[in-house]
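*Asks:* here you go, sequence then predicted model.
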Amino acid sequence: MSTYLDQHKPKFKQAIEFFDKEASTLRTGRANPNMLDGIQVEAYGTTMPLNGVGNIAVSDGRSIVITPWDKGVLKEIEKSLVAADLGVGVVNEGDKIRLSIPALTEENRLELVKKLNTKMEDARIVIRQLRDEIKQAIEAGFEAKEVSEDDKFRFIKELDEAVSSYNEELKTARDHKEKEIMTV
């Protein structure tokens, strides 16, 4: 395997991990604490992640309970959840916040699949940009006589095979998430 590809392997993995993380934030009709990962709460004069100000627990398949460690930030948590527009019901129960996840309609499911496809395309763009960057480096190495013509074509072939593998990995993850979303 070429050193050009080896140097960029972590970046390819990051793109796939990013997609997995983004896909996990899409709700599927079941309570999942991952859907709250990107939510930031204004507390103690700074912005903190939601899981940094309270405990997040799934009480049943349709609701999530957030219990703040300090009751003083309850309003801020509620405000952040409403602003996040997750499509869930936010109920302040005085000492905790309950999120009720409504059942998904067919229209909601199709909209979520569209969002999923957009997130996958973003990850594929990153992979494509990495491929172009590596290919340029290989061709620059060939121009500088650091790489033979045979090696150049072998490296590019390895690169294309690796990119195909990463794209297939993305597609598999997307298909799995789409099946999860579309399951009633």
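*Replies:* Structure received.
*Asks:* which strand residues bridge residue 90?
*Replies:* On the basis of DSSP bridges, residue 90 is bridged to residue 99.
*Asks:* that one and residue 80 touch, don't they?
*Replies:* No. Applying C-beta atoms under 8 Å, one finds residue 90 not in contact with residue 80, separated by 9.7 Å. Heads up, the C-betas are built off the backbone N, CA and C, glycines and all.
*Asks:* compare those two (neighbour count), which wins?
*Replies:* Neighbours of residue 90 and residue 80, each counted by other C-beta atoms under 10 Å, are more numerous for residue 80; the result is 21 against 17.
*Asks:* just the element for that one, please.
*Replies:* Secondary structure assignment for residue 80, by DSSP states H and E: helix 74-84.
*Asks:* now that helix: buried residues?
*Replies:* Within helix 74-84, the residues scored as buried using 16 or more other C-beta atoms under 10 Å are 74, 76-78, 80-81, 84.
*Asks:* tell me the domain ranges of the protein?
*Replies:* 3-24+105-182, 33-100 (automatic domain parsing).
*Asks:* using TSV, lay out these together with mean pLDDT.
*Replies:* TSV is the format used below for these (pLDDT from 0 to 100):
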stretch	mean pLDDT
domain 3-24+105-182	89
domain 33-100	84
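*Asks:* report how many residues lie close to residue 7.
*Replies:* 11.
*Asks:* same question, residue 6
*Replies:* Residue 6 has 9 neighbouring residues, counting by other C-beta under 10 Å.
*Asks:* the longest helix along the chain - contacts with which helices or strands?
*Replies:* The helix that spans the most residues within the chain, counting by DSSP state H, is helix 106-143. Applying 3 or more C-beta pairs under 8 Å, 6 or more residues apart in numbering; DSSP states H and E, we find helix 106-143 packed against helix 3-24, helix 149-182.
*Asks:* got the angle for the last one vs helix 3-24?
*Replies:* This means helix 149-182. 10 degrees (axes from the mean of the first three to the mean of the last three C-alpha atoms, to 10 degrees).
*Asks:* so who does residue 143 touch?
*Replies:* Counting by C-beta atoms under 8 Å, 6 or more residues apart in numbering, residue 143 touches no other residue.
*Asks:* how far away is it from residue 136?
*Replies:* In this view, residue 143 and residue 136 are 10 Å apart by C-beta to C-beta, to the nearest Å.
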